[in-house]
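what's the 3D shape of this:
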Amino acid sequence: MGSMENEHRPVSKRWEIAPLIPGNINQELRGFSPLLRQLMYNRGISDARTAEAYVTYQPGAPTGPFLMNGMAEAVALLHEAIEGNWEIAVYGDYDADGVTSSALLYEFIGALGKSPRVYIPNRYEEGYGLNSEAIETLADEGVQLMITVDCGIRSLREVARARELGMKVIVTDHHTPDDILPDANAVINPQQTGDLYPYKHLAGVGLAYKLAAGYLAKYPHPDVDAEDWLDLVALGTVADIAPLTGENRSLVQRGLLQMRGLRRQGLFSLAQVSGIKLETINAGQIGFGVGPRLNAAGRLDSAMAAFELLTAKDLFTAGRLALQLDEQNSQRKDMTHQIQTAAVAQAMLTPDAPVAFAISPEYSEGIVGLAASKVAEALYRPAIIGRFMDGSVKASSRSIPEFNLIQALDACEDLLERHGGHAMAAGLTFQLDKLEALRERLSAIAEQAFEGVDLKPKVYIDYEIQLEKVRPEHVPGIFQDMAALEPTGEKNPETLFCSRGLEVRSATTVGKERQHLKMTLRAGNNNWEAIAFGQGYWLAEMPKRVDIAYVFDINDYQGRQSVQLQVRDLRAAEDQG
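Residues are numbered from 1 along each chain as shown. As a prediction, this is how the structure comes out:
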């Protein structure tokens, strides 16, 4: 593998700096610091009541589980199964959301006195979602109730097969439903037509939590509280890149507090191998440290190792599994890098194509989704990366905000064997002889969507700071206002500042492959240490002065803490004097 300097440089970005808060809203939010007022205004908050709810993590809408379609039926059926001592199976997906959902229902049903069978399919042998062979296996084992988590909403044939075999079925899934729902005994998905639940963006683990909360609201159990599993809810929600708005933000915040209490042995061991202090863990560390290690198990082998880690009770088992997942994550990184490099090269053979395609028998099914994300980011266009074998292609696709992926794939349904996902990410399976027809149709749809659109990724900046005016005593207040936005992530972005015309006093590359850029920047009489992850390619042509988009960060190195600027985007300043 080559160094970052030799790799494809990402598309240049367009900065959009938020407008200053209007005077009337500034006055309305006067109970908060001036900077925090601006930050909340940038996130659509314009009245004191909503602002107070935001900083205290209280979702604005009612969140009773029984507002969801199918919840009453699901709770009644689960109660019947527990009271009747039925054999229960939890059927999950192999990603972090599916694994945390499976662990949550496994432990919850176990706390009610009934140990369920957990079935998580193997990505390579069975593929995504429900499959008839697995359902027949569960039926042969005597399963009477199957609960799906994070899958099943588009599995019409498989749910019908389960019903034929005498099973009762509860489908819980947050993915976009089709026009026709599976014929399950209960379907829990707030996106289904006519569902009155006000918050539509819960992850799969959020729906599993709602099922547990709904059950306990109807059938209370001493010493069993659905809140006990909020650590898993936070973990799965962040790892699945669900929006950290409304109810999700509240659930994640409470789950983070629970994680910091060091109650789950497997999570403690995983944090240790990730180099994360669980006592101070935040959403960003889940997204970049813990979540990828959980996902690595299902990407390279079986996700059951991740499930067993999360439900492990003893230190030895948890430690062994954490080390296994850490090693698999290292392998995953190397494989992603290799596929990304090859996929970008393949996609660049048709540089004007509106949708990037890269298909090869050499790609790993478990890695193509990550590679698709990297390619979509590097080229700023939708990317479909897949592996073909025996004439069949299994692919993952990632998109950009200007292109609704699931709608586009729905319009290609006659060319696909199966597909499902979201506007920004989807999986699909099709025959290799349909590749060119699929490429042509998706390209036509994309060309229409992109007509008149300036296709450049946007960087949304909260506030422009003149760093030469920032003194050390100002920094704690900035960190305090940034902390009020936590947990940040999808749809509730981290605080991003920009500053211009900074003098580059020194610059070097760091990291195993010299892929990161470390700088000392001067603003007025002040020097600032800065790190730009993944931007080592700048060193070959480093400007004298730069404009940066960044967050304030704490660098904790060998017990010594110092303020540094974590640079998200960098460009040459117009004035290089």
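
When you work out contacts or count neighbours from here on, use the C-alpha atoms and nothing else.
OK.

residue contacts, the closest residue in space to I109 that isn't next to it in sequence?
Once flanking residues are discounted, I109 sits nearest to S115: 6.4 Å by Cα to Cα, 6 or more residues apart in numbering. Neighbouring residues of S115 by Cα atoms under 8 Å, 6 or more residues apart in numbering: I88, Y106, I109.

what's the closest of those to L517?
Nearest to L517, judged by Cα to Cα, of the contacts of S115 is Y106 at 44.4 Å.

Just give me the neighbour total for the closest one.
Neighbour count for Y106, taken as other Cα atoms under 10 Å: 21.

Filter the contacts of S115 down to the ones in helices?
Y106, I109 (DSSP state H).

From the contacts of S115, pick the one nearest Q324.
The closest of the contacts of S115, once distances to Q324 are taken by Cα to Cα, is Y106, at 22.3 Å.

tell me the pLDDT at the closest residue to that closest one other than its chain neighbours?
The spatially closest residue to Y106, leaving aside those adjacent along the chain, is P116, at 6.1 Å (Cα to Cα, 6+ apart). With respect to pLDDT, P116 scores 97.

What of A345?
You'll see A345 listed with a pLDDT of 89.

what's the answer for E362, then?
92.

contact partners of stretch 496-505?
Outside stretch 496-505, the residues touching it (Cα under 8 Å, 6+ apart) are 460-467, 519-523, 543-551, 573-576.

Give me the buried entries from those residues.
460-463, 467, 519-523, 544-551, 573 (16 or more other Cα atoms under 10 Å).

how close does the residue nearest to I109 get to A81?
12 Å (Cα to Cα, to the nearest Å).

Mutual contacts of these two, please.
What both S115 and A81 touch, as defined by Cα under 8 Å, 6+ apart, is the set I88.

what helices or strands is the helix or strand bottoming out on mean pLDDT in the chain leaning on?
Scoring the helices and strands of the chain by mean pLDDT, DSSP states H and E places strand 418-421 at the bottom, with a mean of 87. If you count contacts as 3 or more Cα pairs under 8 Å, 6 or more residues apart in numbering; DSSP states H and E, strand 418-421 packs onto helix 405-410, strand 425-431.

Could I get the buried residue list for the first one?
So that's helix 405-410. L405, I406, A408, L409.

which residues touch that helix?
With Cα under 8 Å, 6+ apart as the test, helix 405-410 has contacts from 382, 397-399, 419-426, 442, 445.

Please tell me I have it right and Y550 contacts D569.
Yes - between Y550 and D569 there is a contact under Cα atoms under 8 Å: 7.0 Å.

now the contacts of helix 405-410 in TSV, with distance to D97 and neighbour count?
Converted to TSV, the contacts of helix 405-410 look like this (distance: Cα to Cα, whole Å; neighbours: other Cα atoms under 10 Å):
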residue	distance to D97	neighbour count
P382	23	29
S397	18	28
R398	18	28
S399	20	25
H419	18	20
G420	16	24
G421	13	21
H422	14	17
A423	18	20
M424	16	17
A425	14	21
A426	15	20
L442	29	20
I445	31	18
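
With distance to A18 as new columns, can those residues be given to me in JSON lines?
As requested, these are arranged in JSON lines below (distance: Cα to Cα, whole Å):
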{"residue": "P382", "distance to A18": "27"}
{"residue": "S397", "distance to A18": "31"}
{"residue": "R398", "distance to A18": "27"}
{"residue": "S399", "distance to A18": "24"}
{"residue": "H419", "distance to A18": "37"}
{"residue": "G420", "distance to A18": "35"}
{"residue": "G421", "distance to A18": "31"}
{"residue": "H422", "distance to A18": "28"}
{"residue": "A423", "distance to A18": "25"}
{"residue": "M424", "distance to A18": "24"}
{"residue": "A425", "distance to A18": "28"}
{"residue": "A426", "distance to A18": "31"}
{"residue": "L442", "distance to A18": "34"}
{"residue": "I445", "distance to A18": "31"}
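
Check the residues you listed against Y197 and report the nearest one.
The nearest member of those to Y197, counting by Cα to Cα, is H422 at 19.0 Å.

thinking that closest one is in contact with H175, fair?
Yes - in this structure H422 lies within contact range of H175 using Cα under 8 Å: 6.5 Å.

can you pull the contacts of L35?
By Cα under 8 Å, 6+ apart, the contact set of L35 is I478, D481.

That one: which element?
helix 34-42 (DSSP states H and E).

ditto for Q253
Using DSSP H and E, Q253 falls in helix 246-259.

can you tell me how far the residue nearest the centre of the chain sits from D97?
Nearest to the geometric centre of the chain sits I241, at 2.0 Å (Cα atoms, centre = their mean). Distance from I241 to D97, counting by Cα to Cα: 10 Å.

What are the contacting residues of stretch 423-442?
355, 357, 388, 391-401, 403-409, 412, 415-421.

If you average the pLDDT over that stretch, what comes out?
Computed over stretch 423-442, the average pLDDT equals 95.

Same check on stretch 323-332?
94.

now stretch 300-308
Per-residue pLDDT values over stretch 300-308 give a mean of 93.

For it, list every residue counted as buried.
So, applying 16+ other Cα under 10 Å, buried residues of stretch 300-308: L300, S302, A303, M304, A305, A306, F307, E308.

ditto for stretch 453-460
P457, Y460.

ok, and what's touching it?
Against stretch 453-460 from outside (Cα under 8 Å, 6+ apart): V11, S12, K13, R14, W15, E16, I17, A18, Y380, L496.

so the fifth one bridges to which residues?
W15 has the following beta-bridge partners by DSSP bridges: V459.

Hmm, D462 and it touching each other?
No - using Cα under 8 Å, W15 is not in contact with D462, being 10.5 Å away.

residues near R387, how many?
There are 22 residues near R387, going by other Cα under 10 Å.

elements contacting the helix or strand harbouring it?
Using DSSP H and E, R387 sits in strand 383-389. If contacts are counted by 3+ Cα pairs under 8 Å, 6+ apart, strand 383-389 sits against strand 356-360, helix 368-379, strand 392-398.

Would you mind writing the CA trace of the second one as CSV?
C-alpha atoms of helix 368-379 as CSV (Å, rounded to 0.1, in the frame of the first residue of the first chain):
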residue,chain,number,x,y,z
VAL,A,368,-17.7,-3.4,-0.1
GLY,A,369,-20.0,-1.1,2.0
LEU,A,370,-17.1,0.6,3.7
ALA,A,371,-15.3,0.9,0.3
ALA,A,372,-18.5,2.4,-1.2
SER,A,373,-18.5,5.0,1.5
LYS,A,374,-14.9,5.9,0.8
VAL,A,375,-15.4,6.1,-2.9
ALA,A,376,-18.6,8.2,-2.6
GLU,A,377,-16.7,10.6,-0.4
ALA,A,378,-13.6,10.7,-2.6
LEU,A,379,-15.5,11.2,-5.9
